[in-house]
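*Asks:* Here is a sequence together with a model predicted from it:
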Amino acid sequence: MLFKSAEAIEKAAKLTAIVFDKTGTLTRGQPSVTDVVLGRPELVLSGVEPQLLSLTPEDILQWAAGTEANSEHPLGEAIILAARERGLQVPAADSFNSLPGRGVEARIAGRTDFLGNRKLMAEQGVGLGDLASRAETLEQNGKTVMFLALASAERRPVVAGLIGVADTLKEHSAEAVRRLQQLGIEVAMLTGDNRRTAEAIAAQVGIDRVLAEVLPQDKAEQVRSLQAQGRKVAMVGDGVNDAPALAQANVGIAIGSGTDVAKKTGEVILVKEDLRDVVVAIEIAKATMRKVKENLFWAFVYNAISIPLGAGILYPLLRVVVSPEWAAFLMAISSLTVTLNTLSMRGYVPSPKREERHSDQGSGLRQLAETPVATR
Ligand SMILES: [Mg+2]
């Protein structure tokens, strides 16, 4: 990570609250498939084709990917990516029709498939059956739900399953939040998203203070009101709309993969995407300030003793003076002590890295440590 100034280190050591932006900071910032639910077509309509009765969730994902194969919509891209990740062949569509605000329609292998929201299903006269309640549960958890309906020959389309898509947390977000809370720092989340989505994400990441439905221009205002309550606040963000809040915060922390504006405004830049580096930044700042204070303390003690000695305080009683050679030597020792004490920070390992080493048995670090022995 990059501290742009010494002042940033000093302020980072004193933080009592941290506000995270949600999208792109705590989360990856792009939707990905979280749920694939198989419908039960026999409950929806009798007389469906037998092949529809033996579907697997993989089929749902594969066919949904086929309908979206020509789509450039982020949700469509998420579905195609999910299918590819599972090693599924994305079928080619013969024709494709985007239905704005509702979904897509595509002809694949002589069948007409529909993928879209409730509105599209209602339009096509497709009953949702048991999927309706599943969809509601997913939506309550902040996910976007798309239904897949299939129609062959002259038959009416039948719902085959649904796909839940959501912006997902970055790998280490929850751990970072937990560690910050352990450090006694209050953690909050700030987002323009609706309260339901915001709270679903907050619950996953372990944050209970949620500031949702905040307009971009009001983000800085939220930070200011926390400061007015006496908190020393850091803001962590990635977007253009986070910049005013980053500037308002006592310490603005920008994600390295974020926008240039955020990185210009932030005083600390996290070069990697890993949010545990926020913890590392604070721990390093605290350790640095501790060193600064230690050095000041010992410099004062040292000088308080040696200046009177140099001035000849022992002369009247003991006839002892400090010779110029000794004075020069003692002066050098003083500087050396401070330097050595500071250099001892080279061995400083912040807590996330420390525990990684302990838990990483048999992997990377340990192998590195063992290799020389083996080759010897
Ligand atoms: Mg953002």
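*Replies:* In hand now; what should we look at?
*Asks:* so what's the backbone phi/psi at the residue nearest to L38 when sequence neighbours are not counted?
*Replies:* Counting by C-beta to C-beta, 6 or more residues apart in numbering, G161 is the residue found nearest to L38 once chain neighbours are left out, at 4.8 Å. (Glycine included, C-beta is placed from N, CA and C.) Here is the backbone geometry of G161 (degrees, to the nearest 10): phi 180, psi -180.
*Asks:* What does the pLDDT read for G161?
*Replies:* pLDDT recorded at G161 is 92.
*Asks:* and it, bridged to which residues?
*Replies:* L38, L148 (DSSP bridges).
*Asks:* Just want the residue of the stretch 51-200 of the chain that's nearest the ion.
*Replies:* When scored by C-beta to the ion, the stretch 51-200 of the chain has T191 as its residue closest to the ion, at 8.1 Å.
*Asks:* helices and strands of this structure: which one bottoms out on pLDDT?
*Replies:* Lowest mean confidence among the helices and strands of the chain (mean pLDDT, DSSP states H and E): helix 364-375, at a mean of 40.
*Asks:* If I look at the residue of the stretch 51-200 of the chain closest to the ion, what pLDDT would I see?
*Replies:* Per-residue pLDDT puts T191 at 89.
*Asks:* Next, the contact list for it, please.
*Replies:* 21-23, 198, 201, 210-214 (C-beta atoms under 8 Å, 6 or more residues apart in numbering).
*Asks:* The ion next: which of these are close?
*Replies:* 21, 23 (C-beta under 5 Å from the ion).
*Asks:* Return a PyMOL selection command for the buried portion of the contacts of T191.
*Replies:* Buried residues within the contacts of T191, by 16 or more other C-beta atoms under 10 Å, are selected in PyMOL with:
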select buried, resi 21+22+23+198+201+210+211+212+214
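*Asks:* just checking, which of the contacts of T191 belong to helices?
*Replies:* Among the contacts of T191, the members falling in helices are 198, 201 (criterion: DSSP state H).
*Asks:* would JSON lines of the contacts of T191 with pLDDT be doable?
*Replies:* Below are the contacts of T191 laid out as JSON lines (pLDDT from 0 to 100):
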{"residue": "D21", "pLDDT": "94"}
{"residue": "K22", "pLDDT": "92"}
{"residue": "T23", "pLDDT": "89"}
{"residue": "A198", "pLDDT": "88"}
{"residue": "I201", "pLDDT": "90"}
{"residue": "V210", "pLDDT": "94"}
{"residue": "L211", "pLDDT": "92"}
{"residue": "A212", "pLDDT": "88"}
{"residue": "E213", "pLDDT": "87"}
{"residue": "V214", "pLDDT": "89"}
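*Asks:* and the contacts of T191, which of them are in strands?
*Replies:* Judged by DSSP state E, the contacts of T191 include 21, 210-211 as members of strands.
*Asks:* Where does the residue in the stretch 251-376 of the chain positioned nearest to the ion sit, in terms of helix or strand?
*Replies:* Relative to the ion, the nearest point of the stretch 251-376 of the chain is G258 (7.3 Å; C-beta to the ion). Here G258 sits in a region with no helix or strand, counting by DSSP states H and E.
*Asks:* ok, it to V271 distance?
*Replies:* Going from G258 to V271 by C-beta to C-beta, to the nearest Å gives 11 Å.
*Asks:* pLDDT score for the residue of the stretch 251-376 of the chain closest to the ion?
*Replies:* Reported pLDDT for G258: 88.
*Asks:* same check, this time on L52
*Replies:* 62.
*Asks:* got it, and the one 3 residues further on?
*Replies:* On pLDDT, L55 comes in at 79.
*Asks:* What of A109?
*Replies:* Here, the pLDDT recorded for A109 equals 80.
*Asks:* what about it, neighbour count?
*Replies:* A109 has 12 neighbours, counted by other C-beta atoms under 10 Å.
*Asks:* let's number from 37 now, not from 1
*Replies:* In the new numbering, first residue 37, that becomes A145.
*Asks:* Wait, it touches P127, no?
*Replies:* Yes: using C-beta atoms under 8 Å, A145 is in contact with P127, at 6.7 Å.
*Asks:* OK, contacts around the residue lying closest to the residue of the stretch 87-236 of the chain closest to the ion once chain neighbours are set aside?
*Replies:* The shortest distance from T227 to any non-neighbouring residue, by C-beta to C-beta, 6+ apart, is to K58 (3.8 Å). By C-beta under 8 Å, 6+ apart, K58 lies in contact with 225-227, 229, 234, 237.
*Asks:* From D244, how far out is the residue of the stretch 237-386 of the chain found nearest the ion?
*Replies:* Here the residue of the stretch 237-386 of the chain nearest the ion is G275; by C-beta to the ion that distance is 3.7 Å. Per C-beta to C-beta, G275 is found 23 Å from D244.
*Asks:* Who has more neighbours out of these two?
*Replies:* Using other C-beta under 10 Å, the more surrounded residue of G275 and D244 is G275, with 22 against 12.
*Asks:* Can you tell me how far that one is from W99?
*Replies:* Applying C-beta to C-beta, the value for G275 to W99 is 35 Å.
*Asks:* wait, which of the contacts of K58 is closest to V287?
*Replies:* L226 (15.2 Å; C-beta to C-beta).
*Asks:* correct me, but K389 touches E319?
*Replies:* No: assessed by C-beta under 8 Å, K389 is found out of contact with E319, at 9.7 Å.
*Asks:* higher neighbour count, the two?
*Replies:* Using other C-beta under 10 Å as the criterion, K389 and E319 rank with E319 on top: 21 against 14.
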